[in-house]
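K.L.:
Fold the following.
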Amino acid sequence: MAETATITGTAPAASVNQSLINQLYLPVKRWFLLNFKLDSTYFKKQPDRIWLDQNLYPRLAKIKQGRILFVGCAYYTWESLKHFNKGVDLVTVDIDECNIIWGGKNHLVASILEIDRYVEASSFDIVLLNGIFGHGVDSPMMQIQTFKSLHRILKPGGLLQIGWNHDLTPDPLNFDISKELYYKTDYEGLPERTTFPDSTHVFDFLRAKK
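P.N.:
Coordinates of the predicted model:
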């Protein structure tokens, strides 16, 4: 079951305590971990992360409003959240409760396979799905279910960006369901598929069919 990491409203003690955790404890712990315990240098040097930072995120930073789902949170993705405009309703999601610390202000602890149970249908303009297929969502059945769940929450014509590794999983775009629910597309001058000569990572852009 999904849980929101940020609790709003005026419920008594529990909400007050959660608010203090969100506003004080998590930021301090995050700062300490990033500055003294964890080193993201390795990830920043990877071709796929460089591509995200130099090509995709600058384009997404130009979006002033809309709703974006960022799937998968870790210490090396934390800085990526800073690219998004404050006018954008950014929702982060991760199945591991421990990764709340690396999520955004609006964060869900949930499996992406059933995300449609916890957010409104046809409510997202963009879904960013990087490092999920082959890293937990591995079987064809799980990947097919993910395509279905994401299609339910994307607006018609909504953008699905997928990052996956061809040495960890077969091409997910070969599933019949991906062809039934989505069509390939480019995005703001970026091609529908990007590969790297010195990396197994692949990036694809899809749009949800009506």
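K.L.:
Just after the longest helix seen in the chain, pick out the following helix or strand.
P.N.:
For the chain, the longest helix by residue count, based on DSSP state H, is helix 140-153. Of the helices and strands lying after helix 140-153 in sequence (DSSP states H and E), the nearest is strand 154-165.
K.L.:
Neighbouring strands - and their directions - for that following strand?
P.N.:
strand 124-130 (parallel), strand 199-208 (antiparallel) (DSSP bridges).
K.L.:
pLDDT (mean, whole number) over the shortest one?
P.N.:
Spelled out, that is strand 124-130. Average pLDDT, strand 124-130: 98.
K.L.:
Compute the inter-axis angle for it and helix 140-153.
P.N.:
160 degrees (axes from the mean of the first three to the mean of the last three CA atoms, to 10 degrees).
K.L.:
and what of the last one?
P.N.:
With the same axes, to 10 degrees defining the directions, strand 199-208 sits at 40 degrees from helix 140-153.
K.L.:
Buried residues of strand 199-208, list them for me.
P.N.:
199, 201, 202, 203, 204, 205, 206, 207, 208 (16 or more other CB atoms under 10 Å). For every residue, glycine as well, the C-beta is placed using N, CA and C.
K.L.:
Going by distance to residue 47, which of those residues wins?
P.N.:
Using CB to CB, residue 199 is the member of the buried residues of strand 199-208 that lies nearest residue 47, at 4.4 Å.
K.L.:
Please list all residues in contact with the nearest residue to residue 166 once chain neighbours are set aside.
P.N.:
In this structure, residue 166 finds its nearest non-sequential neighbour in residue 200, 5.2 Å apart by CB to CB, 6 or more residues apart in numbering. Residues in contact with residue 200 (CB atoms under 8 Å, 6 or more residues apart in numbering) are 165, 166, 167, 168.
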